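Trainee: this one's structure only:
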């Protein structure tokens with residue numbers, strides 16, 4: 001089961017961040033997407049599969065965010081990424097705020113990916 005879920009989850013992560021970067025770039029240059037499928041349907045569908053496979057993997061591996069500090073950090077990072085992404089792409093009132101939240105969301109995504117890869121709350125800890 002994990003041999004199927006893990007590649008799907010990883011692929012969805014790559015597609016999700018690629019779509020976010022594309023939508024953020026369009027916001028940055030002032031060319032918002034008009035096509036509803038590209039703006040909402042495709043990203044929401046990919047993110048749903050992404051989240052579902054993550055939950056299924058935690059269930060199959062019997063990992064709880066209450067017992068696993070790295071998983072709790074990953075979920076917290078995910079929530080921060082969602083809020084920052086929403087401000088960057090939709091709710092931000094000024095161009096400066098949207099751009100700042102876009103860059104912050106990319107940094108948070110990099111943190112979440114690092115936590116997932118190393119299974120450490122502070123993934124850079126072993127580099128020092």
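Mentor: Sure thing, it's come through. Since the structure is predicted, the reported quantities are computational estimates derived from the model, not experimental observations.
Trainee: can you count the residues close to residue 15?
Mentor: For residue 15, the count of nearby residues is 17 (other C-beta atoms under 10 Å). For the C-beta atoms, the positions are set from N, CA and C on the backbone; glycine is no exception.
Trainee: again with the one 3 residues further on
Mentor: Residues within reach of residue 18, counting by other C-beta under 10 Å, total 12.
Trainee: ditto for residue 68
Mentor: 16.
Trainee: what does residue 31 give?
Mentor: Number of residues near residue 31 (other C-beta under 10 Å) recorded here: 9.
Trainee: So it, which state does it fall into?
Mentor: Following DSSP: H, G, I helix; E, B strand; the rest coil, residue 31 is assigned to coil.
Trainee: Over to it: give its phi and psi.
Mentor: phi -120, psi 80 (degrees, to the nearest 10).
Trainee: List the residues that contact it.
Mentor: Going by C-beta atoms under 8 Å, 6 or more residues apart in numbering, residue 31 touches no other residue.
Trainee: Report the separation between it and residue 23.
Mentor: 11 Å (C-beta to C-beta, to the nearest Å).
Trainee: cool, and residue 95?
Mentor: Residue 95 is 15 Å from residue 23, by C-beta to C-beta.
Trainee: try residue 66
Mentor: 34 Å.
Trainee: Now for the protein, the helix or strand with the poorest mean pLDDT.
Mentor: helix 36 (a mean of 79; mean pLDDT, DSSP states H and E).
Trainee: So which residues make contact with that one?
Mentor: With C-beta under 8 Å, 6+ apart, helix 36 has no contacts at all.
Trainee: hang on, the earlier thing: the more surrounded of residue 66 and residue 23?
Mentor: Between residue 66 and residue 23, counting by other C-beta under 10 Å, residue 23 is the more crowded of the two (20 against 8).
Trainee: before we move on, what SS does that one have?
Mentor: Residue 23 ends up helix, using three-state DSSP.
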